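S.K.: Quick one: sequence plus predicted model below, questions after.
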Amino acid sequence: MAVNESPRSREGQLAEKPLLATIGLVGGVLGLTAMVFGVGLYVLDPGAAPLAMLNLLFGVVGIVFYALTNRASLRQVASGRSAALIALEVLLVTGIVLGLVAVNWVASQSTKEWDFTKDKLYTLEEQSIQVAERLKEDVTVYGFFRPSDQNRAYLTTIVELYQRHSAHVKLELMNVDAMTPAQKKRFQLVENGPRIVVMMGERQAKVRGVNEEQMTNALVRVAESAPRVVRMLAGHDEAKMDDLTNDGGFGRAATAIQDLGYQAEPLNLTEAADVPDDLAVLVIAGPVKPLFANEVDAIGRYLDKGGRAVVMIDPGTESGLEPLLLKWGAKLGDDLVVDPNPAAKARGYGADAPLVSQLEPHPITNPLRGGAALMFWWVRSVAPAVQPGVGTVTTLALTGATSWAEVSFKTGGEVEKNDDDIPGPVPIAVAINKTTPGGKNPEARLVVIGDSSFATNRFYAIGGNSDFFANAVSWVMGDDEHIALRPKARGSTRVALTERELYGIVFFSVNLLPLCIMGFGFSVWAVRRRR
């Protein structure tokens, strides 16, 4: 008996088309997608014109290939009833794509931004915003970097954050290799020194690191109504403050004072009745000959009125300031601190150059604790002295446990520890603050250090010496309460790439990969729609 078999259903099967026609269809869809990508890239970033042209060229080739391999299908579609529906679909897709491009273009032109990073890397702290908004005059941030230096981009990014809150913040980037000697002199640039200078008029402050805290504090310093003056006492065979060439000069220390935004000038009190009124901080650095009685009296009156001073007296010298310093709570020892610790010997120095890492809590030393050690060369003890009417006396630094203060160092001979010596740890620096009602400042501040060599050109860059000196000047100035901002830690590290490598990554991630995903997705849709 014959069985009447019905033909199998062809539902779900693709229409039989030549393989070349199917490949052509895929090429056409990819080409059309590439053309849309090219237009979008150029609208969003005109600098990507070469990449956009590459997309358009690929698009034209893909569409022409589709037209050549699907001539019969194109004629059938054009004469069929679905031609209008297809045209409508094309217009709809084109409209959506152009709409997305338009939205992205408007967004790229808008200055409104939202910072969704975990640590708010691209948002200023409230204190920085207030500083920027209070600016009344133009402030120019100069960056002196080579074109390949990544700090140029860092500086541009952080300055743009301030520019959102003030039109007075300007930025100028200069190639440090192309600068003339006159330009370097104007900005007081030194080898291996800060490469960022913040200027308002003739006032300037230098910034070492490209970060918000240092930038904000530089803006505060240059925006002050008048520059503050730091004067270094002269007239007693002290080393010169403008000497940058000799090891014993204080040129680097004076430059650091200027980098902090202050003026640094010499001061001779031998014929003066009083300390000048415009003085913000007095620095006494290593006098070899004793001060005259009128000078000591003038300095005493200056401190009594709320004066601020940093005093550095070397071992074996009679400065004439000893009674005054004792009155204020600092006892200078007639001794020499020695330490046989091998760390100094490893650096090429002897036991008379102790390395100091024991720093007591204080605004001067807090940033240094746990960091690089300080190095002193020929340092005497400076101990706190309890005196009536003395304010707060804080020990800043002590030498190591293996050290001692040698009291017989002037007699020569072998240096060895005996019962007359002061055992370590030995205090070598103190900070004093005392309330002075009715004075120039509400509080007098004094830092006494038993050595001046640590701040000379020879030792200034060793360990934490430069920071210790700069912090001492800033504290007596009253800048210990400067704006302190939390560090913003980035969640990723930077990878150094060549321009070619960077272009390849951008091409693959921004163009090729999305194009392939979207193009092949549309191709699958187009092939299945031909059923």
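M.R.: Structure received. Residues are numbered from 1 along each chain as shown.

S.K.: Convert the C-alpha atoms of the one helix or strand Ala309 maps to to PDB, please.
M.R.: Assessed by DSSP states H and E, Ala309 sits inside strand 308-312. Once non-C-alpha atoms are left out, strand 308-312 reads as follows in PDB (Å, rounded to 0.1, in the frame of the first residue of the first chain):
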ATOM      1  CA  ARG A 308      60.300  84.400  64.700                       C
ATOM      2  CA  ALA A 309      63.800  83.000  64.300                       C
ATOM      3  CA  VAL A 310      65.900  80.000  63.300                       C
ATOM      4  CA  VAL A 311      69.300  79.900  65.100                       C
ATOM      5  CA  MET A 312      72.000  77.500  64.000                       C
END
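
S.K.: Partner strands of that strand, with direction?
M.R.: strand 279-285 (parallel), strand 443-449 (parallel) (DSSP bridges).

S.K.: Which residues outside the first one are in contact with it?
M.R.: Same thing as strand 279-285. Applying CB atoms under 8 Å, 6 or more residues apart in numbering, the contact partners of strand 279-285 are 228-233, 238-239, 241, 250, 253, 262, 267, 275, 299, 302, 307-313, 319, 321, 452, 455, 473, 476-477. Every C-beta, even on glycine, is put in place using the N, C-alpha and C of the backbone.

S.K.: Please apply the same query to the last one.
M.R.: Applying CB under 8 Å, 6+ apart, the contact partners of strand 443-449 are 303-313, 325, 328, 330, 332, 364, 382, 391, 396, 428-436, 472, 475-476, 478.

S.K.: tell me the average confidence for it?
M.R.: Here strand 443-449 scores 95 as its mean pLDDT.

S.K.: gap between the next helix or strand after it and the chain center?
M.R.: Per DSSP H and E, the first helix or strand lying C-terminal to strand 443-449 is helix 465-477. In terms of CA atoms, centre = their mean, to the nearest Å, the centre of helix 465-477 is set 19 Å apart from its chain centre.

S.K.: how about the strands of the stretch 201-350 of the chain, start to end?
M.R.: Listed in chain order, the strands of the stretch 201-350 of the chain (DSSP state E, counting those that start in this stretch) span 203-207, 229-234, 263-268, 279-285, 308-312, 330-332, 336-338.

S.K.: Buried residues in the strand ranked longest in the chain, which are they?
M.R.: Ordering each strand of the chain by length in residues (DSSP state E) puts strand 427-435 first. Within strand 427-435, the residues scored as buried using 16 or more other CB atoms under 10 Å are Pro427, Ile428, Ala429, Val430, Ala431, Ile432, Asn433, Lys434.

S.K.: Same question for stretch 124-141.
M.R.: For stretch 124-141, by 16+ other CB under 10 Å, it's Leu124, Glu125, Gln127, Ser128, Ile129, Val131, Ala132, Leu135, Val139, Thr140, Val141.

S.K.: Touching the helix or strand encompassing the fifth one from outside, list them.
M.R.: Yep, that's Ile129 we're talking about. Following DSSP H and E, one finds Ile129 within helix 126-133. Contacts with helix 126-133, where a contact means CB under 8 Å, 6+ apart, come from 124, 161-162, 165-166, 169, 212, 215-216, 219-220, 223, 483, 485.

S.K.: right, and the helix or strand after that helix?
M.R.: That would be, after helix 126-133 and using DSSP H and E, strand 139-144.

S.K.: which secondary structure elements does that next one contact?
M.R.: helix 151-163, strand 169-174, strand 196-200, helix 212-222 (3 or more CB pairs under 8 Å, 6 or more residues apart in numbering; DSSP states H and E).

S.K.: Could you check the angle it makes with helix 151-163?
M.R.: 170 degrees (axes from the mean of the first three to the mean of the last three CA atoms, to 10 degrees).

S.K.: so what strands line up beside strand 139-144?
M.R.: Sheet pairing for strand 139-144, using DSSP bridges, gives strand 169-174 (parallel), strand 196-200 (antiparallel).

S.K.: one step back: out of the buried residues of stretch 124-141, which one has the lowest pLDDT?
M.R.: Looking at the buried residues of stretch 124-141 by pLDDT, the weakest one is Gln127, with 75.

S.K.: Now do the closest residue in space to Lys289 that isn't next to it in sequence against Gly27, distance only.
M.R.: Closest residue to Lys289 apart from its sequence neighbours, by CB to CB, 6 or more residues apart in numbering: His236 at 4.5 Å. Applying CB to CB, to the nearest Å, one obtains 89 Å for the distance of His236 from Gly27.

S.K.: again, but for Thr270
M.R.: Distance from Thr270 to Gly27, by CB to CB: 93 Å.

S.K.: between those two, which one's more packed in?
M.R.: The neighbour comparison of Thr270 against Gly27 (other CB atoms under 10 Å) goes to Gly27, with 22 against 11.

S.K.: OK, contacts around the more buried one?
M.R.: Counting by CB under 8 Å, 6+ apart, Gly27 has contacts Val61, Gly62, Phe65, Tyr66, Thr69.

S.K.: quick one: pLDDT of it?
M.R.: 78.

S.K.: which element is it on?
M.R.: Using DSSP H and E, the element containing Gly27 is helix 19-44.

S.K.: give the contact list for Pro227.
M.R.: Arg203, Gly261, Tyr262, Gln263 are the contacts of Pro227 under CB under 8 Å, 6+ apart.

S.K.: now do Val26
M.R.: Phe520, Ser523, Ala526, Val527.

S.K.: Ok, Ala431 next?
M.R.: Counted by CB under 8 Å, 6+ apart, Ala431 has contacts His362, Ile364, Val393, Thr394, Leu396, Arg445, Leu446, Val447, Ala472, Trp475.

S.K.: is it in a bridge, and if so with what?
M.R.: The partner list for Ala431 in beta bridges (DSSP bridges) reads Thr394, Val447.

S.K.: For Gly329, see how far away it is.
M.R.: In terms of CB to CB, Ala431 sits 10 Å off from Gly329.

S.K.: Give the residues shared as contacts by the two.
M.R.: Common contacts of Ala431 and Gly329 (CB under 8 Å, 6+ apart): Val393.

S.K.: picking that back up, neighbour-wise, which one of the contacts of Gly27 leads?
M.R.: Tyr66 (24 neighbours).

S.K.: since we're on the residue nearest to it when sequence neighbours are not counted, how many residues are nearby?
M.R.: Among residues not flanking Tyr66 along the chain, Gly28 sits closest, at 2.6 Å (CB to CB, 6+ apart). Counted with other CB under 10 Å, the neighbours of Gly28 add up to 23.

S.K.: same question, Ser408
M.R.: The tally of other residues near Ser408 (other CB under 10 Å) stands at 14.

S.K.: Skipping its backbone neighbours, what lies nearest it in space?
M.R.: Asp420 (7.0 Å).

S.K.: If I look at that neighbour, what pLDDT would I see?
M.R.: 82.

S.K.: From Thr402, how far out is it?
M.R.: Asp420 sits 18 Å away from Thr402, going by CB to CB.

S.K.: Which one of these two is surrounded by more residues?
M.R.: Thr402 (16 against 10).

S.K.: residue contacts, that one?
M.R.: Taking CB under 8 Å, 6+ apart, we find Thr402 in contact with Asp339, Pro340, Asn341, Gly424.

S.K.: do that again at 6 Å, thanks
M.R.: Asp339, Asn341 (CB atoms under 6 Å, 6 or more residues apart in numbering).

S.K.: Can you convert the strands paired with strand 308-312 into CSV and add a column each for distance to Ala178 and mean neighbour count?
M.R.: Output for those, formatted as CSV (distance: least, CB to CB, whole Å; neighbours: other CB atoms under 10 Å):
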stretch, distance to Ala178, mean neighbour count
strand 279-285, 36, 24
strand 443-449, 41, 24
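
S.K.: how about the ones you listed in CSV, adding distance to Asp177?
M.R.: Below are those laid out as CSV (distance: least, CB to CB, whole Å):
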stretch, distance to Asp177
strand 279-285, 35
strand 443-449, 39
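
S.K.: separation between the residue nearest to Lys345 when sequence neighbours are not counted and Val527?
M.R.: Leaving aside its chain neighbours, Lys345 sits nearest to Ala351 (7.9 Å; criterion: CB to CB, 6+ apart). For Ala351, the distance to Val527 (CB to CB) stands at 87 Å.
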